[in-house]
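J.: Need the 3D shape of this:
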Amino acid sequence: MARSKQPDRMMALPYRLLRCLALSAVLTLTLATHALADQRVALVFGISKYQNVPQLANPDNDAIAISDVFRRIGFDVVQLQQNLGVSEMRRAVREFSAIAAGADIAVVYYAGHGIEVNGINYLIPVDARLLSDFDVADETIPLDRVLQAIGPAKRLRLVILDACRDSPFSEKMKRSIATRAIGRGLAKIDPATPDTLIAFAAKAGAVAGDGDGAHSPFSTALLNHLATPGLDLRLALGRVRDEVLKTTNRRQEPFVYGSLGGETVALVPQLAPPIDPDAEARRDYEFAAQIGTEEAWNSFLAVHGSGAYANLARAALDKLEAAEQASERADAARRQAEEQARQKAEDLKKQLEEQLARQTEQARKQMSEQARRDLEQERQRIADQTRRELDDARRQLADARRRADEAAAQVEQARKQAAADAREQIEAARREAARQAEAARQSRLAALNPQADAAPPPPAPPVMDAADIARLLQAHLKRVGCDPAGTDGSWSGASQRALDSFNKHAGTTFDIKVASLDALDAVRAKAGRVCPLSCGTGQKADGDRCVQITCESGYVLDSQGACRRRLEPAPQKPKAVSRREPSAQQRSAPAGRADPCYGECEGD
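T.: As a prediction, this is how the structure comes out:
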């Protein structure tokens, strides 16, 4: 059968519509991604070359590496400041405050010496002398000033301090006030603004090491985890903590102060999978292969006229047409064989009838016994010959039918083989697309990770441990009103009761004994309160809070928390009196002194 020159346009219409919808979805996703991109800015300090105390080895290297990471992950502004004096450092903080005012995410990283005096933390420039505690206000930069500079940022304010080294200034500093305290390391701090995190290289009151390699242990861990695409900042800092504890044999424990909301906050957005240019053609090829008809392949070629899948479709169409042509040839051969057998049978029948008629006529003329025997023998011979010829015709007919069945089986086999070849080609294309996507992802991760030459990059999708999942699930349960009584990552009985309450009011059936990713995704998807507000006796719900119930005048609050009318005391009835005869003593009383109870009182 010749290939159709005019494809079925009704079959081609769904593919055209699907293609338009796919292009529209890709364009919408691209525009939305650009519209939602955060403005990210960073200020990086590295203070190593101190003028009045021994110099530090790693802060310059740490600052350069961290600033390179911020640039690689696409920060809009990255300012690297090294070995500044107090005046230059104050100016840098002041100028950065104007930049942070228009940003969504503002980050300040500091590597160098820090000091804590009377519970206040200070960053120490290179020209500081600090002969006495009175000089601290003039020769250092308060951490509060840095927090004030990044305060206008809209979504996240992050300060990272690798400044907990054992400061040499504390030993020689004179005390101007006897009660003034100079602590070891930095002091604990509670940020005054929401969505603010302050990451210390070591917890308050402890010191951090400068390290023996090119970077401090804290900065090395930051370089390994801070730029992980799509990883929540709290989880990234938690992995930094775990790595530092491991590399320092638990001598140094980083600590984070402040809090964030329930949404995922990542410094690096999740990497979008690479767009496969042949995805639409592959999907349409699968549909055409499932249908397996000539019209389906022609419709596919009407939409996808070029490319690898178009070539595969033409090959499948050629196989299908060859199979159909073979089927037609087999049908024609079968019809021809049947016609030949029928014609031969009719000819033999006619010949036999004519021959029998002649012999019968001859028998009438020669009625001898020998003639009759000869006639009978001839009739038997003719009958045997006819039977043999009919058997030959039947065999020829059976052979023709067998060839027709074999041709039909070849057509069916050709169709099955074409479908199998299509499926194999689809799987090969999928494997190649997956390999290219993995190679592209590895290439992107290698470009983002500055330690790519030293060690293989971690896998792109971050693996969350059970404590991280529990911590985030507790935070989201608390946000939707199902209070787990804490967000410490320990999946206790209170957390299980909170998830059970969520199941009841959200219509879900998650296992409450474990904190799972499915439960986290379901709770995170809820925008508002799920669990109802539960108020104590004597209180009622007012929006998202409980208020005390007040009753109107004349009403009181009962033990069930409801207003009841106040009960007035019943009036007292007068006591009943009984009259009785006066006693002998009363009767003998002098005249004029009558007993006042005579005849009125109940008893003596």
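J.: longest helix anywhere in this structure?
T.: Looking only at the chain and at elements set by DSSP state H, the helix with the highest residue count is helix 369-448.
J.: counting contacts, what elements does that one pack onto?
T.: Packed against helix 369-448, as judged by 3 or more Cβ pairs under 8 Å, 6 or more residues apart in numbering; DSSP states H and E, are the following elements: helix 59-72, helix 279-291, helix 308-365. To be clear about C-beta, it is placed using only N, CA and C from the backbone, and glycine gets the same treatment.
J.: looking at those helices, which is buried most?
T.: Compared across the helices and strands packed on helix 369-448, helix 59-72 shows the largest average neighbour count, a mean of 21 (mean count of other Cβ atoms under 10 Å).
J.: Just the angle for that one relative to helix 369-448, thanks.
T.: 140 degrees (axes from the mean of the first three to the mean of the last three Cα atoms, to 10 degrees).
J.: Count the neighbours of the residue nearest to R175 when sequence neighbours are not counted for me.
T.: Nearest non-adjacent residue to R175, counting by Cβ to Cβ, 6 or more residues apart in numbering: D133, 5.6 Å away. By the measure other Cβ atoms under 10 Å, the count of residues near D133 is 20.
J.: Please apply the same query to T140.
T.: The criterion is other Cβ under 10 Å. On that basis, T140 has 25 neighbouring residues.
J.: Just want the phi and psi numbers for the residue nearest to it when sequence neighbours are not counted.
T.: Closest residue to T140 apart from its sequence neighbours, by Cβ to Cβ, 6+ apart: Y122 at 3.8 Å. Note on Y122: its backbone torsions stand at phi -130, psi 150 [degrees, to the nearest 10].
J.: what sits against Y122?
T.: When the contact criterion is Cβ atoms under 8 Å, 6 or more residues apart in numbering, the partners of Y122 are G114, I115, E116, V136, T140, I141, P142, L143.
J.: Verify the contact between the last one and A187 for me.
T.: No: applying Cβ atoms under 8 Å, one finds L143 not in contact with A187, separated by 9.2 Å.
J.: neighbour-wise, which of these two wins?
T.: Counted by other Cβ under 10 Å, L143 and A187 do not tie: L143 has more neighbours, with 23 against 19.
J.: among the helices and strands packed on helix 369-448, which is nearest D399?
T.: When the helices and strands packed on helix 369-448 are compared for distance to D399 using Cβ to Cβ, the nearest one is helix 308-365, at 7.3 Å.
J.: Now find how far off-centre the closest one is within its chain.
T.: When C-alpha coordinates are averaged (Cα atoms, centre = their mean, to the nearest Å), helix 308-365 and its chain have centres 67 Å apart.
J.: Which neighbouring elements make contact with it?
T.: Contacts of helix 308-365 with other secondary structure elements, assessed using 3+ Cβ pairs under 8 Å, 6+ apart, are made with helix 279-291, helix 294-303, helix 369-448.
J.: For the first one, the averaged confidence score.
T.: In other words, helix 279-291. Confidence over helix 279-291 (mean pLDDT, whole number) is 86.
J.: for the shortest one, same thing?
T.: When pLDDT is averaged along helix 294-303, the result is 88.
J.: circling back to that earlier point, now do the longest helix of the chain against helix 308-365, angle only.
T.: Computed by the same axes, to 10 degrees, the angle between helix 369-448 and helix 308-365 is 180 degrees.
J.: ok, H225 - contacts?
T.: L231, A236, R239, V240, E243.
J.: Which pLDDT does the model give it?
T.: Confidence per residue is given as pLDDT, and for H225 that number is 94.
J.: I'd like to know how many residues surround the residue nearest to R251 when sequence neighbours are not counted.
T.: Counting by Cβ to Cβ, 6+ apart, G209 is the residue found nearest to R251 once chain neighbours are left out, at 7.6 Å. Applying the criterion other Cβ under 10 Å, we find 19 residues in the vicinity of G209.
J.: circling back: mind putting the helices and strands packed on helix 308-365 into JSON lines with distance to D331?
T.: What follows is those, written out as JSON lines (distance: least, Cβ to Cβ, whole Å):
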{"stretch": "helix 279-291", "distance to D331": "24"}
{"stretch": "helix 294-303", "distance to D331": "18"}
{"stretch": "helix 369-448", "distance to D331": "6"}
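J.: Show me the one of these that comes nearest P254.
T.: Judging these by Cβ to Cβ, what sits closest to P254 is helix 369-448, at 22.0 Å.
J.: tell me the angle that closest one makes with helix 279-291.
T.: Counting by the same axes, to 10 degrees, helix 369-448 points 160 degrees away from the direction of helix 279-291.
J.: returning to that earlier point: of all the helices and strands packed on helix 369-448, which one comes closest to Y257?
T.: helix 59-72 (19.6 Å).
J.: so for that closest one, what's the average pLDDT?
T.: Mean pLDDT, computed over helix 59-72, is 95.
J.: Now do the longest helix of the chain against helix 294-303, angle only.
T.: Counting by the same axes, to 10 degrees, helix 369-448 points 30 degrees away from the direction of helix 294-303.
J.: How far off centre is helix 369-448?
T.: Helix 369-448 sits 51 Å away from the centroid of its parent chain (Cα atoms, centre = their mean).
J.: Report the buried residues of the helix or strand just after that helix.
T.: Note on helix 369-448: by DSSP states H and E, the next helix or strand toward the C-terminus is helix 466-479. When burial is assessed from 16 or more other Cβ atoms under 10 Å, helix 466-479 yields the following buried residues: D468, I469, A470, R471, L472, L473, Q474, A475, H476, L477, K478, R479.
J.: R334: which of those residues is nearest?
T.: I469 (69.3 Å).
J.: Okay, the nearest residue to that closest one once chain neighbours are set aside and T537: tell me how far apart.
T.: Take I469 and drop its neighbours on the chain: the residue closest to it by Cβ to Cβ, 6+ apart is A515, 4.9 Å away. When Cβ to Cβ, to the nearest Å is the yardstick, A515 and T537 sit 32 Å from each other.
J.: Between the two, which is the more surrounded one?
T.: The residue with the greater number of neighbours, taking A515 and T537 and applying other Cβ under 10 Å, is A515; the counts read 27 against 10.
J.: Identify the residues contacting the more buried one.
T.: For A515, the contact set (Cβ under 8 Å, 6+ apart) comprises A466, I469, A470, L473, Q474, W491, S495, L499.
J.: helix/strand/coil for it?
T.: Three-state assignment for A515 (DSSP: H, G, I helix; E, B strand; the rest coil): coil.
J.: Now tabulate the contacts of A515 in TSV and tack on pLDDT and distance to A289.
T.: Converted to TSV, the contacts of A515 look like this (pLDDT from 0 to 100; distance: Cβ to Cβ, whole Å):
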residue	pLDDT	distance to A289
A466	84	44
I469	89	41
A470	90	46
L473	90	44
Q474	88	49
W491	91	48
S495	93	50
L499	94	45
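J.: about what we covered before: from memory the residue nearest to R175 sits against I115, does it?
T.: No: with contacts defined as Cβ under 8 Å, D133 does not count as touching I115, sitting 9.4 Å away.
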